[in-house]
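# Using only what follows, build the 3D model:
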Amino acid sequence: MRILICGATEVGYMIAAQLSLDHDITVIDESPHLPEKFRSLDIRHIAGNGSDIATLEKANQPKADLFIACSTIDEANIVACWTIKKITSIETVCFVSKGEIHHNLISPDQYSYQTKYDIDTVIWPEKLLTEDIFRIILVPEAIDVEYFINGRAKLFEYRIKKDSPLCDTRILDNVFPKDILIVGITRDEVLFIPKGTTKIQLDDKVIFMGTGRALDMLAADLFQIKNKIATAAVIGGGNVGFFLAQQMEQAGIRVKIIEQDQQRCIFLADNLKGSLVLHGDGTDLELLEEESVGAMDVVVCVTNNDEKNLLCSLLVKQLGAQRVVTRVSNSRKAQLFERVGIDVVVSPRESAMKELLNHMQAKDVNILAMVGGGKGEVLRIKVAETFPDTKIMDIGLPTGAIIGVIKRGKGIIIPNGSTVVQAHDRLKIFTVPENTEPIQNIFSR
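Have a look, this model is predicted:
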């Protein structure tokens, strides 16, 4: 696929780095030279304004398949998407950072005035991040949570602690609730598909897939989670903190939100129904102690500064916080945060990347989730009508791929090697990114 990326930004680099091995990438930016980190990538650079027709015509030779506008200015991204549509009928993706712009672009009202210049996909990373954090919060101890088929199938990821009954045991020696599979383990930053004889070790990140009911039983029994989250502290009252507090209020969670900017505090107090808004600095140890932040069921650090989020997280950990969710700008920093003891590290760019990849796949393949910092993926595959009935053990899946869920009609099957895959089945497959195309080829025959 030929892809045009408008903007040599951090988001632009993330997209180019992830896609340049398998796709023809051209980056459009006004600077005559791309930033140093871009130079290690096999990409083309066109110097010019992404809203300039001459620049876009030059970049679009030969014709591209996808246009991604990801500069730091929302309005420039919108105009660039509109302009490229004048040249060619290309699919457009527009990144935005402001809630009002996102609302205006996706509002149902706009569909009353559809034109050929409409933007195909609008991505607001902060909104996607909020949804990811909220799912994780609702499952205590989990470090990643994904829902499939309206929650009837789920993915939970847990870090194995010293007191876990799974620690230093083989998978086959454990008795899990029916309809659950361990589909992946991340150990020393390497993701692999385990066997029954694989021993689960301290600090492993174990990924379970199964029916929603079975995984809820796993959470309650194996990880001894009997009480729902009742209280939460949010440090940072920006878009993510505000939206997250709104969602937690609706879920009946009592929220304290700490924000340093006084005007923003007034906005939060006026627009949140039951949350306690505190004007202060999340790194103020005295404030954190006075408000018993360390005693909250979960603390979420979502300021727009990575270093401040890290410091806030370490402080509340010192005060006894059992579960801390922290925002970070990129996956490279995420590894550092995890090493110093932060429970869950989330990134708006990873949330956005997952959404973008969904729009790049063929219609019969979707990336439903990215796991382990992008090392693993959950694919949704529709089996072709010409596919013969075949046992999973005989399909010949690539190494590093496992079918976690089969949706057949209205039913859900958690399969084993003897389960037969049939035409028209809809599969949820856990795998590594390089297996996406081979898997698609297997089930499209």
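
# Touching stretch 149-160 from outside, list them.
For stretch 149-160, contacts defined as CB atoms under 8 Å, 6 or more residues apart in numbering pick out 139, 141-148, 166-167, 183, 200-212, 215, 218-219, 223, 343, 369, 371-372, 378, 404-405, 407, 412, 428, 430. Where you see a C-beta, it was placed from the backbone N, CA and C, and this is true even at glycine.

# Now, those that are in helices?
212, 215, 218, 219 (DSSP state H).

# on that earlier part again, which of the contacts of stretch 149-160 are buried?
Buried positions within those, assessed by neighbour count (16 or more other CB atoms under 10 Å), are 139, 141-146, 148, 166, 183, 200, 204-212, 215, 218-219, 223, 343, 369, 371-372, 378, 404-405, 407, 412, 428, 430.

# Next, the distance between the ends of stretch 155-164.
Stretch 155-164 has an end-to-end distance of 19 Å (CA to CA, to the nearest Å).

# Identify each buried residue in that stretch, please.
For stretch 155-164, using 16+ other CB under 10 Å, the buried residues are 155, 156, 157, 158, 159, 160, 164.

# Quick one: the strands in the stretch 201-350 of the chain, in order.
Under the criterion DSSP state E, counting those that start in this stretch, the stretch 201-350 of the chain contains strands at 205-211, 231-235, 254-259, 276-279, 298-301, 324-327, 344-346.

# what's in contact with the last one?
Right, strand 344-346. Under the contact criterion CB under 8 Å, 6+ apart, strand 344-346 has outside partners 129, 132-133, 136, 143-144, 323-328, 334, 337-338.

# With respect to pLDDT, which of the residues you listed ranks lowest?
Across the set of those, residue 334 stands lowest in pLDDT, at 79.

# what about that residue, how many neighbours?
By the criterion of other CB atoms under 10 Å, residue 334 has 21 neighbours.

# Quick check: it touching residue 373?
Yes: in terms of CB atoms under 8 Å, residue 334 counts as a neighbour of residue 373; the distance is 6.1 Å.

# remind me which residues of this structure are low pLDDT?
Across the chain, the ranges flagged by pLDDT under 70 are 107-116, 223-227, 331, 358-359, 361-365.

# Point to the residue nearest the middle of it.
By CA atoms, centre = their mean, the chain has its centre lying nearest to residue 351, at 3.3 Å.

# which ones are touching the residue lying closest to that one once chain neighbours are set aside?
Once flanking residues are discounted, residue 351 sits nearest to residue 128: 3.8 Å by CB to CB, 6 or more residues apart in numbering. Applying CB under 8 Å, 6+ apart to residue 128 gives the contacts 348, 351, 352, 354, 355.

# Going by neighbour count, which of those residues comes out on top?
residue 348 (25 neighbours).

# check contacts around that residue.
Applying CB under 8 Å, 6+ apart to residue 348 gives the contacts 125, 126, 128, 129, 240, 327, 329.

# Could you do residue 33 as well?
residue 45.

# Quick check: which element contains residue 440?
Using DSSP states H and E, residue 440 sits in helix 436-443.

# got the buried residues for that helix?
For helix 436-443, by 16+ other CB under 10 Å, it's 436, 439, 440, 442, 443.

# Stretch 177-188 now?
177, 179, 180, 181, 182, 183, 184, 185, 186, 187.

# what's the most distant pair in these?
179 and 187 (25.2 Å; CB to CB).

# got the contact list for residue 213?
residue 179.

# one more time with 10 Å, if that's ok
Listed by CB atoms under 10 Å, 6 or more residues apart in numbering, the contact partners of residue 213 are 151, 152, 154, 177, 178, 179.

# cool, residue 221 as well?
Residue 221 touches 165, 175, 176, 177, counting by CB under 10 Å, 6+ apart.

# related to what we said a few turns ago, which one of the contacts of strand 344-346 is nearest residue 316?
residue 324 (6.0 Å).

# Dig out what the closest one forms beta bridges with.
residue 299 (DSSP bridges).

# From residue 294, how far off is it?
10 Å (CB to CB, to the nearest Å).

# if I look at those two, which residues touch both of them?
Applying CB under 10 Å, 6+ apart, one finds that residue 324 and residue 294 are jointly contacted by 233, 315, 316, 317.

# biggest separation within these, which pair?
Among the shared contacts of residue 324 and residue 294, the pair separated by the greatest distance (CB to CB) is 233 and 317, at 12.7 Å.

# higher neighbour count, those two?
Counting neighbours by other CB under 10 Å for residue 233 and for residue 317 shows that residue 233 has the greater number, 28 against 18.

# Provide a list of residues in contact with that one.
254-258, 276, 278, 282, 288, 291-301, 312, 316, 321, 324.

# Looks to me like residue 418 is in a helix.
No: checked against DSSP: H, G, I helix; E, B strand; the rest coil, residue 418 lies outside a helix; its state is coil.

# how long is stretch 255-264 end to end?
Taking CA to CA, stretch 255-264 runs 16 Å from one end to the other.

# follow-up on the earlier one: looking at the buried residues of stretch 177-188, which is nearest residue 44?
For those, the nearest to residue 44 is residue 186 (34.3 Å; CB to CB).
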